[in-house]
Structures are given as C-alpha cells and as structure tokens.
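# The amino acid sequence is not available; the structure is as follows:
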C-alpha cells in the first residue's frame, strides 16, 4: 500500500474534509501539521509550488489539495494511486 501524507494547518476546513474523506475510505495517512512551523511551510511551498493547505502526497508525489483528492476519489484514480498504479485494468465489456 502507498504511503499517504497530509500536510495541514489548524482551523483548516479543507484539511478536515480531506482527512475525513481518506478516513471514510479506510486510507491510513500521516498528518504533518505546519501551523506553528513557518520554516516547514516555506520548505513545503518550495518543494510543491503550493501555498495552500491541505497538501496531499502519495509516495512523495503531490496529488493536490482537497478538491483534487475529492475528484480522484470520485473518478477512481485515488484507488489506483493508493495501490501503486499496478492494478490490472479490466477490459471493457
């Protein structure tokens, strides 16, 4: 299974929604709260190019924020990302 990391801040409604979405799908994740870590925020922004939260990564690759994770969950891409993308595709019937 892939490693999921959520970079978050306190009082971030989208962070709470992203965590709830993953928890509802029984996805284990590590949360890194950067509320009191301005240097960590700057390092993350330099790495990802994003200044907003949450920032969700799967195996070190940025998926995006809540909207991108929600879209991936709705179109099945999230499951594929979490399985490492090595899931066999079924032929169309």
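Nice, I can see it. Just so it is clear, the structure is predicted and the values come from calculations on it, not from any experiment.
# Give the buried residues for stretch 7-20.
7, 8, 9, 12, 14, 15, 17, 18, 19 (16 or more other CB atoms under 10 Å). Glycine gets a C-beta too; all of them are placed from N, C-alpha and C.
# ignore the last one, stretch 72-80
In terms of neighbour count (16+ other CB under 10 Å), stretch 72-80 has its buried residues at 72, 73, 78.
# Tell me where the chain is predicted with low confidence.
85-93 (pLDDT under 70).
# Do a quick rundown of the strands in it.
All strands of the chain, identified by DSSP state E, fall at 4-8, 30-33, 55-58, 61-64.
# so what strands line up beside the last one?
If I follow you right, that is strand 61-64. strand 55-58 (antiparallel) (DSSP bridges).
# Need the contact partners of the partner strand.
With contact meaning CB atoms under 8 Å, 6 or more residues apart in numbering, strand 55-58 is reached by 2-7, 18, 44, 48, 62-66, 68-69, 81-82.
# Only the buried subset of those residues, as a PyMOL command please.
Only the buried entries of the contacts of strand 55-58 go into this PyMOL selection, using 16+ other CB under 10 Å:
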select buried, resi 2+4+5+6+7+18+44+62+63+64+65+66+68+69+81+82
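# Please name the nearest non-neighbouring residue to the residue nearest in space to the middle of the chain.
The centroid of the chain falls nearest to residue 56 when counting by CA atoms, centre = their mean (2.3 Å). Take residue 56 and drop its neighbours on the chain: the residue closest to it by CB to CB, 6 or more residues apart in numbering is residue 63, 4.7 Å away.
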